[in-house]
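**Student:** 3D model of this:
(2 chains)
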There are 2 protein chains.
Amino acid sequence: MLKAEIFVYLKKSISDPPGIAVLNSLKSLGFDNVEKVRMGKYIVVYLNENDIEKAKEQVKLMCEKLLCNPVMEEYKFNISEE
Amino acid sequence: MLKAEIFVYLKKSISDPPGIAVLNSLKSLGFDNVEKVRMGKYIVVYLNENDIEKAKEQVKLMCEKLLCNPVMEEYKFNISEE
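**Tutor:** Predicted coordinates:
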């Protein structure tokens, strides 16, 4: 079994209202040195697969077909043995 | 400037309807070897801080005070130079 950890996040040029909301909340809690916050999705996919190269190809397709909106988002992932 | 990547995710014992929805969508797209999907939050916090140990303590506090619901969620993070 392989475990893919996928990180989907907004492109830098896209504004991030949830991130701004969290930034303001952190500041109000006294975390004054917080400069910026960006919110994204952390998706863990468990694959019944042993070949890491095959798994990489599949995860790329999953991101392109479903998990990531290419207009506004980018993604990165890592794959490890579960 | 330091960059904290924070991963907030449901405890194993908690059911994950969004994860089940994504699992079913992936299956319908032909990804038959997907066993399980868990959805979580990927939060990137930029800190005007140079001391990594201090930053770690601050991020822990951020998670405990705001970013993570201890009843249902767990978190992990890593800190790197931006």
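**Student:** Kindly report the residues of chain A close to chain B.
**Tutor:** Residues of chain A lying close to chain B (Cβ under 8 Å from any Cβ of the partner chain) are A:1, A:5, A:7-9, A:22, A:25-26, A:29, A:31, A:33-49, A:58, A:61-62, A:65-67. C-betas here are computed from N, CA, C, even on glycine.
**Student:** Please list all residues in contact with residue A:40.
**Tutor:** By Cβ atoms under 8 Å, 6 or more residues apart in numbering or on different chains, the residues touching residue A:40 are A:7-10, A:73, B:41-44.
**Student:** residues of the longest strand seen in chain A that come out buried?
**Tutor:** In chain A, with assignment by DSSP state E, the single longest strand is strand A:34-47. Within strand A:34-47, the residues that count as buried by 16 or more other Cβ atoms under 10 Å in any protein chain shown are A:34, A:36-47.
**Student:** Ok, stretch A:73-82 next?
**Tutor:** Burial within stretch A:73-82, assessed by neighbour count using 16+ other Cβ under 10 Å, is assigned to A:73-75, A:77, A:79.
**Student:** and what of stretch A:50-64?
**Tutor:** For stretch A:50-64, burial by neighbour count (16+ other Cβ under 10 Å) applies to A:55, A:58-59, A:62-63.
**Student:** can you pull out the strands in chain A?
**Tutor:** For chain A, the strands defined by DSSP E occupy A:2-10, A:34-47, A:73-81.
**Student:** angle of the second one against strand B:34-47?
**Tutor:** The reference is to strand A:34-47. Taking axes from the mean of the first three to the mean of the last three Cα atoms, to 10 degrees, one finds strand A:34-47 and strand B:34-47 inclined to each other by 170 degrees.
**Student:** from the chain's centre, how far out does strand A:34-47 sit?
**Tutor:** Computed by Cα atoms, centre = their mean, to the nearest Å, the chain-centroid distance of strand A:34-47 equals 4 Å.
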